[in-house]
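>>> Sequence unavailable; structure follows:
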Ligand SMILES: Nc1ncnc2c1ncn2[C@@H]1O[C@H](COP(=O)(O)OP(=O)(O)OP(=O)(O)O)[C@@H](O)[C@H]1O
């Protein structure tokens, strides 16, 4: 049985009177890419903000590799790598400087950090670009650096919040392929928020979030069977009644 990297139970959250998440329960296993599919306003970013502890939920529980994020925050957050929707790299620093800064925040010494930086950048074909200022990189290359940064401290769970938004098709494909390779090679657990159905691979797991509720969850093949749908686009349409997102 695969290890559960993220377990969310009965999680609810509201912005004032506006309910954003309503009794959400889900699990993300190691060695699996779990796609969190939901239309605008479904609650994807709110869920990520709670997992990363940007906000605190009054109701519900979040565990990372068995550590409760409220009571065992340090151990839990050490297991987590995050790529936010908006870039958080410093454009005036080089690729290496950005990554070293992040490694230092995680208490990784300079020598070990440089070895990890090399390993992750080489995996993404970005090592040759390490001396360049981030502002000189295109959107796809910035995203690669952010993924490398999120992996420096060897997390067990990688959260990706719509990481391909605004990228051209080849850059999107490269990121989708790279993340799927990481899942297989590193036994990483990935939770990938998107509204683009063509980012889902056949052996991914799927969670459909709509209006703050989980409408379906499980291996894609099981969700297709349970919903009597032919593909993820149909599932999305059936469960959210909105037209599915299409690649641009
Ligand atoms: N800061 C806020 N204050 C009030 N309401 C908010 C706030 N942030 C989000 N919401 C509301 O909470 C609900 C969930 O929003 P959220 O941003 O989590 O959805 P999302 O699935 O990430 O959407 P998108 O794909 O557009 O980013 C929406 O109804 C949204 O309008």
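Sure, I can see it. Bear in mind the structure is a predicted one, so any value in this text is a computation, not a measurement. Residues are numbered from 1 along each chain as shown.

>>> Wasn't residue 225 part of a helix?
Yes. Counting by DSSP: H, G, I helix; E, B strand; the rest coil, one finds residue 225 located in a helix.

>>> How many residues are close by it?
11 (other CB atoms under 10 Å). The way it works is simple: take the backbone N, C-alpha and C, and place the C-beta from them, glycine included.

>>> where's it relative to residue 219, distance?
Distance of residue 225 to residue 219, given as CB to CB, to the nearest Å: 9 Å.

>>> got it, and residue 137?
In terms of CB to CB, residue 137 sits 36 Å off from residue 219.

>>> And for residue 230?
16 Å.

>>> what residues are up against residue 27?
4, 6-8 (CB atoms under 8 Å, 6 or more residues apart in numbering).

>>> if you set the cut-off to 7 Å instead, what comes out?
4, 6-7 (CB atoms under 7 Å, 6 or more residues apart in numbering).

>>> Could you do residue 144 as well?
Here residue 144 is in contact with 124, 126 (CB under 7 Å, 6+ apart).

>>> Checking my notes, it in a strand, right?
No. Assessed with three-state DSSP, residue 144 is helix; it does not lie in a strand.

>>> Any figure for the gap between it and residue 179?
11 Å.

>>> re the thing from before, so of the contacts of residue 27, which ones are in strands?
Using DSSP state E, 4, 6-7 are the members of the contacts of residue 27 that sit in strands.

>>> Nearest to the ligand among those residues?
Among the ones in strands among the contacts of residue 27, residue 6 lies closest to the ligand (CB to the nearest ligand atom), at 17.0 Å.

>>> And for that closest one, nearest residue in space, chain neighbours not counted?
residue 28 (4.1 Å; CB to CB, 6 or more residues apart in numbering).

>>> That neighbour belongs to a strand?
Yes. The assignment for residue 28 is a strand, going by three-state DSSP.

>>> That one and residue 34 touch, don't they?
Yes. With contacts counted by CB atoms under 7 Å, residue 28 reaches residue 34, the gap being 4.7 Å.

>>> so what's in contact with the two at the same time?
residue 191.

>>> got the end-to-end distance for stretch 12-32?
From its first residue to its last, stretch 12-32 covers 25 Å (CA to CA, to the nearest Å).

>>> Report the contact partners of the closest residue in space to residue 162 that isn't next to it in sequence.
Of all residues not flanking residue 162 in the chain, residue 85 sits nearest, at 5.0 Å (CB to CB, 6+ apart). Contact analysis of residue 85 by CB under 7 Å, 6+ apart lists 45, 161-162, 165.

>>> ok, these vs the ligand, which is closest?
residue 45 (3.2 Å).

>>> To what extent is the residue nearest to residue 6 buried, counted in neighbours?
So residue 28, with other CB under 10 Å, has 27 neighbours.

>>> The chain should start at 16 in everything you say after this.
Sure, I'll start numbering at 16, so the last one becomes residue 43.

>>> residues touching it, list them.
Neighbours of residue 43 in contact, by CB under 7 Å, 6+ apart: 20-21, 49, 172, 204, 206.

>>> how about a cut-off of 8 Å?
Counted by CB under 8 Å, 6+ apart, residue 43 has contacts 19-21, 49, 172, 204-206, 220.

>>> and if you look at residue 183?
With CB under 8 Å, 6+ apart, residue 183 has these contacts: 154-155.

>>> Flag every residue of this structure that's near the ligand.
Contact residues (CB under 6 Å from any ligand atom) of the chain with the ligand: 30, 33, 35, 53, 55-61, 210.

>>> returning to what we had before: which residue in the ones in strands among the contacts of residue 42 has the weakest pLDDT?
Lowest pLDDT of the ones in strands among the contacts of residue 42: residue 19, 95.

>>> Spit out the contact partners of that residue.
Residue 19 neighbours (CB under 8 Å, 6+ apart): 42-45.
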